[in-house]
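Enquirer: Take a look and give me a structure for this.
(one chain, ligands or ions: 1)
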Amino acid sequence: MTSSASISGEAGAESLGPVRLFRPVSWEDGTPVVLRCPACGCESPCPKILSVTTTLKSHVPFALHLCPECRSHFYDPIPDITYSARYSEAASLYALLQGTSLEFALAALSTLTKKEGQLLDVGCGPGLVVDFWERLHLGVSTGIEPSSSGNFARQDLHRNIRVLHLSEDSELPDHAFDVVLSTEVVEHVSDPALFLCDLSKKVAPGGVLIFSTPNIGPLARDLPAPSNLVEALSPGFHVTLFSEAALRSLLAALDWPHVQLIDHHGHWIVYASREPITSKMDLVWVDEAHRKYLEHAAKDGALSPRVRAIFSYRLFRKIANEGRWPEANPLLPHLAHLLPSMVASWALHPDDIVETGAIPDDTLREWVAEFYHLPAFLFLLGIRSKNHLGKTKASVQFFKLACRLSKLMVFYYLDDAYTKEIFWESRLNAGIALLESAQESEGITLLEQVGASLQDNDTGAERLLPQLKFATRAWLAIFQHRVLRGNWEAAGLALSPLQGFLASHYDPSLLRISAWSQPERQWPEEWSPFWYFFCEQMLLLNTGRNAEAAEGFDQLHTLCREKVPHPDAVHLLSSCRRHAKLARQRVKGSKGFLARFRFRLHGI
Ligand SMILES: [Zn+2]
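Expert: Okay, the predicted model is just below:
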């Protein structure tokens, strides 16, 4: 298995099992109701596609309708949210720590041939893009944010943020901005045509309008959906989920001659310009610019120590995610004052980690309330212990603690997909680390729990939405562990749930798509199907099905060749070659044996 591990708040392109994914969603019979579509303005009978429960306290289900004219989806009734009353300072700090919205916005900006000039970010949240633009001296930038996140950006990042809605801002000049950006806002507004008109007015002649919004594609109950579907549905927050046609006609109505749409991780990024657009994303630029930004902010003496520490954490996480521990380690002392003192001492001296079972839940709750990213941070420390320091036993303690903390967080503070991911990732890694440190029975038990979590409806962790990828990786780890010990019969037992879960990965062409759709991000699970495929051929080889194994190794060899120089691909290539050869020799051998056998039979 690959030794890297990754933490990010951004949803990946993993497919999920339909059962759990659609848990909060009830599919409707499609009864049409005459409604006015917010995307195209048509009044027509719109079938009710599904109802979805809100994450708001009232738990009122919202009905999602499909407009037959423009194929957009929209909620009825339209959610009514006062954004200025939402988002506490803690939520701003969390967003700042998470920071993925910045990477997403940078990906959108990376297409620009001229990355300079006056920038306006509408719905800028904690103001990271505004801060980025100024910090990297790309030009003057302004943000608009009606929620209290705007106050944070103004006071703590010292940027020009106007804490009001765009429609209320009478002083902001028209036709003044080279880049007008608005990420993930248009789906929240009740009148998108008016909102896009207001945005368009701010664009300078020769400037560009860039906005993004979720792209859910066609909704069907049997469709393998992206894991971010529930997030895209956001009942109680989103109003419209636009079709491509609806976005194009909204912009055509505003006389934009050149429009381009890019699908990026399940979101539309939309460009509108007076000049022809030849936009192509430059993810190398995104990576370099993001790093430069974090390095600069982490050293900025004008920021408060707490905000600087947050930037240090993000820089640490970015570098750690790339597995570059020698560069990540020196950043740890800068994080110390973000952390509860005991954790800070562990972070600096990983040998001294205490028995985490002794820490009462109340203390742990205080810790996560103080630093929302503590579970993720401890998970990374676990990976550091296991993969970089080679202290597998210590890593189990980090993973177990990350697991307990993320569970507490989901129940008491922040019920989000990201924290749930940490929960399962930590549990899985604790199991793997236990196997690696010769605590086989505890490791297998833990991994079997993760593997069975998809079917287990009675678990107290109902809200910890288990994901297919974790169950798959758990069975894979058990399978590989047994394969490596030559325990083929027991390995076969772990294979049967895997076969069910990975049905889609059996087809090599599907395997290719799911594994390499995000070449810029090396998720460990992207490689799981390959290793699984490899192990399955090993099982065939060791149970006498040599011809099938030879063919499988050849297939995998072809797939891996395209992925060189990835270290896993290089490793698998030589293994596939060697084992395909062995399988062929056995096929030949068995043929020869059978031929001799028949000859003797005939000879009698
Ligand atoms: Zn419509």
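
Enquirer: what's the nearest residue to the residue in the stretch 251-400 of the chain positioned nearest to the ion if we skip its chain neighbours?
Expert: Across the stretch 251-400 of the chain, the shortest distance to the ion (C-beta to the ion) belongs to Ala253, at 12.9 Å. C-beta here means a position set from N, CA and C on the backbone, and glycine is covered the same way. Nearest non-adjacent residue to Ala253, counting by C-beta to C-beta, 6 or more residues apart in numbering: Ala193, 6.9 Å away.

Enquirer: Report the residue ranges of every domain in this structure.
Expert: 84-280, 348-455 (automatic domain parsing).

Enquirer: With respect to Gly301, which of those domains lies nearest?
Expert: domain 84-280 (12.2 Å; C-beta to C-beta).

Enquirer: and that closest one, how far out from the chain's middle?
Expert: Taking C-alpha atoms, centre = their mean, to the nearest Å, one finds domain 84-280 lying 19 Å from the centre of the chain it belongs to.

Enquirer: so what's the residue nearest to Ala253 up against?
Expert: Ala193 sits next to 41, 250, 253 when contact means C-beta atoms under 8 Å, 6 or more residues apart in numbering.

Enquirer: Do a quick rundown of the strands in the stretch 1-150 of the chain.
Expert: 25-27, 32-36, 43-53, 61-66, 73-76, 119-122, 141-144 (DSSP state E, counting those that start in this stretch).

Enquirer: Please export the C-alpha coordinates of the longest one as CSV.
Expert: If I follow you right, that is strand 43-53. The C-alpha trace of strand 43-53 is given here as CSV (Å, rounded to 0.1, in the frame of the first residue of the first chain):
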residue,chain,number,x,y,z
GLU,A,43,-43.9,29.0,-14.8
SER,A,44,-44.7,25.3,-15.6
PRO,A,45,-45.6,22.0,-13.9
CYS,A,46,-42.3,21.0,-12.2
PRO,A,47,-42.0,17.4,-11.0
LYS,A,48,-41.0,16.9,-7.4
ILE,A,49,-37.8,14.8,-7.5
LEU,A,50,-36.9,14.3,-3.9
SER,A,51,-37.3,15.7,-0.5
VAL,A,52,-34.3,16.2,1.8
THR,A,53,-34.1,16.9,5.4
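
Enquirer: Tell me which residue in the stretch 201-350 of the chain sits closest to the ion.
Expert: For the stretch 201-350 of the chain, C-beta to the ion, closest residue to the ion: Ala246, 5.8 Å.

Enquirer: quick one on the thing from earlier: quick check: which element contains the residue nearest to Ala253?
Expert: Assigned by DSSP states H and E, Ala193 belongs to helix 192-201.

Enquirer: tell me the mean pLDDT for that helix?
Expert: Averaged over helix 192-201, pLDDT sits at 97.

Enquirer: Same check on stretch 75-91?
Expert: Per-residue scores along stretch 75-91 average to 72.

Enquirer: related to what we said a few turns ago, so which of the strands of the stretch 1-150 of the chain is the most packed in?
Expert: strand 119-122 (a mean of 27; mean count of other C-beta atoms under 10 Å).

Enquirer: helices or strands up against it?
Expert: helix 128-135, strand 141-144, strand 177-183 (3 or more C-beta pairs under 8 Å, 6 or more residues apart in numbering; DSSP states H and E).

Enquirer: I would like the residues contacting that strand, please.
Expert: Contacts of strand 119-122 (C-beta under 8 Å, 6+ apart): 105, 127, 129-130, 133, 138-144, 166, 172, 176-183, 185, 199, 202.

Enquirer: Distance from stretch 311-323 to the middle of the chain?
Expert: The mean C-alpha position of stretch 311-323 is separated from the chain mean by 16 Å, C-alpha atoms, centre = their mean.

Enquirer: Export only the CA atoms of it, formatted as CSV.
Expert: Extracted in CSV, the C-alpha atoms of stretch 311-323 (Å, rounded to 0.1, in the frame of the first residue of the first chain):
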residue,chain,number,x,y,z
PHE,A,311,-1.7,30.0,8.8
SER,A,312,1.2,27.9,10.2
TYR,A,313,-1.2,25.0,10.7
ARG,A,314,-2.4,25.3,7.2
LEU,A,315,1.1,25.3,5.8
PHE,A,316,2.0,22.4,8.0
ARG,A,317,-1.1,20.4,6.8
LYS,A,318,-0.3,21.2,3.1
ILE,A,319,3.3,20.1,3.4
ALA,A,320,2.4,17.1,5.6
ASN,A,321,-0.3,16.0,3.1
GLU,A,322,2.4,15.8,0.5
GLY,A,323,4.4,13.5,2.8
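
Enquirer: Pull out the buried residues from that stretch.
Expert: 311-321, 323 (16 or more other C-beta atoms under 10 Å).

Enquirer: returning to what we had before: give me the buried subset of the contacts of strand 119-122.
Expert: 105, 127, 129-130, 133, 138, 141-144, 166, 172, 177-183, 185, 199, 202.

Enquirer: rewinding a little: where among the domains of the chain is the average confidence lowest?
Expert: Looking at these, the bottom one is domain 348-455 with a mean of 84.

Enquirer: Show me what from the stretch 301-450 of the chain comes close to the ion.
Expert: Proximity of the stretch 301-450 of the chain to the ion (C-beta under 5 Å from the ion) involves no residue at all.

Enquirer: Identify the residues contacting Ser273.
Expert: So Ser273 contacts 207-209, 256-258 (C-beta under 8 Å, 6+ apart).

Enquirer: and with 6 Å instead?
Expert: The contact partners of Ser273, taken as C-beta atoms under 6 Å, 6 or more residues apart in numbering, are 208, 258.

Enquirer: Got phi/psi on it?
Expert: The phi and psi values for Ser273, taken as degrees, to the nearest 10, are phi -150, psi 160.

Enquirer: which residues does it bridge with?
Expert: Val208, His258 (DSSP bridges).

Enquirer: returning to what we had before: any idea which element the residue of the stretch 201-350 of the chain closest to the ion lies in?
Expert: Per DSSP H and E: helix 244-253 holds Ala246.

Enquirer: ok, now Gly206?
Expert: strand 203-214.

Enquirer: Need the CA coordinates for that strand. CSV is fine.
Expert: Taking Å, rounded to 0.1, in the frame of the first residue of the first chain, the C-alpha atoms of strand 203-214 are listed here in CSV:
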residue,chain,number,x,y,z
VAL,A,203,-16.9,44.3,-14.4
ALA,A,204,-14.5,46.8,-16.1
PRO,A,205,-14.4,46.9,-20.0
GLY,A,206,-12.0,44.1,-20.9
GLY,A,207,-12.5,42.4,-17.5
VAL,A,208,-13.8,39.0,-16.6
LEU,A,209,-16.7,37.7,-14.5
ILE,A,210,-15.9,34.3,-12.8
PHE,A,211,-18.4,32.5,-10.6
SER,A,212,-18.9,29.0,-9.4
THR,A,213,-21.9,26.9,-8.3
PRO,A,214,-22.5,23.1,-7.7
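
Enquirer: and the angle from it to strand 177-183?
Expert: Following axes from the mean of the first three to the mean of the last three C-alpha atoms, to 10 degrees, one obtains 10 degrees for the angle between strand 203-214 and strand 177-183.

Enquirer: Can you give me the buried ones in strand 203-214?
Expert: Applying 16+ other C-beta under 10 Å to strand 203-214 flags 203-204, 207-214 as buried.

Enquirer: Looking at the residues you listed, which two lie furthest apart in space?
Expert: Of all pairs in the buried residues of strand 203-214, the most separated under C-beta to C-beta is Ala204 and Pro214 at 28.2 Å.
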